[in-house]
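Novice: would you be able to build a 3D model of this:
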Amino acid sequence: MFKVALVGTHGVNKTTIAYELAGVLKRKGQTVELLTEIARECPFPLNEQATREAYQWIIARQVQLEIEKSPRADVLVCDRSVLDNFAYYVRRYGSKGEEAEALDLYCRSWMRTYDLLVRLPVVEALAPDGFRSTDAAFQREIDLLCDELFESAYSDKTQPAYLRGSLSASEIAEFVFRA
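Specialist: Below you'll find the model as predicted:
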């Protein structure tokens with residue numbers, strides 16, 4: 001099983017590309033499971049008012065669903081990873097203290113289960129969707145935190161492999177098939 005996660009801040013087309021990638025892979029004969037955005041299911045406040053429980057719930061649910069879906073397909077496409085979910089926690093509560101450090105270690109350990117991370121950049125202004133924050137400063141803060149969390153730890157030569165850029169679903173699929 002090959003697991004790919006599209007990572008980055010909100011509003012960078014992760015969901016759209018995840019669906020497109022699943023379609024491309026299916027058309028090329030792969031069985032695919034798609035893990036869509038977990039946050040929309042969260043029973044706790046989110047965005048700028050998110051609680052610690054919200055982040056813990058999202059990260060735990062992400063791991064749970066990845067475990068459940070992994071054996072069902074050749075490829076699991078994830079709309080986020082646990083580490084970019086953790087970026088939202090860090091923005092709100094910081095990276096110091098027992099809870100933050102434990103979540104960081106847990107997320108980093110879980111990151112080894114991915115085969116490919118695709119970091120999508122901010123390319124257009126946020127559009128209101130009735131769920132995500134449309135505050136551009138909030139989006140930029142998460143984007144910078146994702147830089148801090150991903151850029152120093154991952155590259156195209158690490159496990160998981162890490163690609164950054166405005167990649168299409170077809171370009172990502174080609175990388176999946178080469179791996």
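Novice: now residue 166: how far from residue 8?
Specialist: Distance of residue 166 to residue 8, given as Cβ to Cβ, to the nearest Å: 11 Å. Any C-beta I mention is one placed from the backbone N, CA and C, and that applies to glycine too.
Novice: next one: residue 95
Specialist: 19 Å.
Novice: looking at the two, which one has more neighbours?
Specialist: residue 8 (25 against 15; other Cβ atoms under 10 Å).
Novice: any low-confidence regions in this structure?
Specialist: For the chain, no stretch has pLDDT under 70.
Novice: looking at it, which helix is longest?
Specialist: helix 52-69 (DSSP state H).
Novice: can you give me the strands for the protein?
Specialist: Along the chain, the segments classed as strands by DSSP state E run 2-7, 32-35, 75-79, 116-119, 161-164.
Novice: in the sheet, which strands lie alongside the last one, parallel or antiparallel?
Specialist: Spelled out, it's strand 161-164. strand 116-119 (parallel) (DSSP bridges).
Novice: and for the longest one?
Specialist: Using DSSP bridges, the strands paired with strand 2-7 are strand 75-79 (parallel), strand 116-119 (parallel).
Novice: so which residues make contact with that strand?
Specialist: With contact meaning Cβ atoms under 8 Å, 6 or more residues apart in numbering, strand 2-7 is reached by 14, 17-18, 21, 66, 70, 74-81, 83-84, 113-120, 146, 150, 160, 172, 176, 179.
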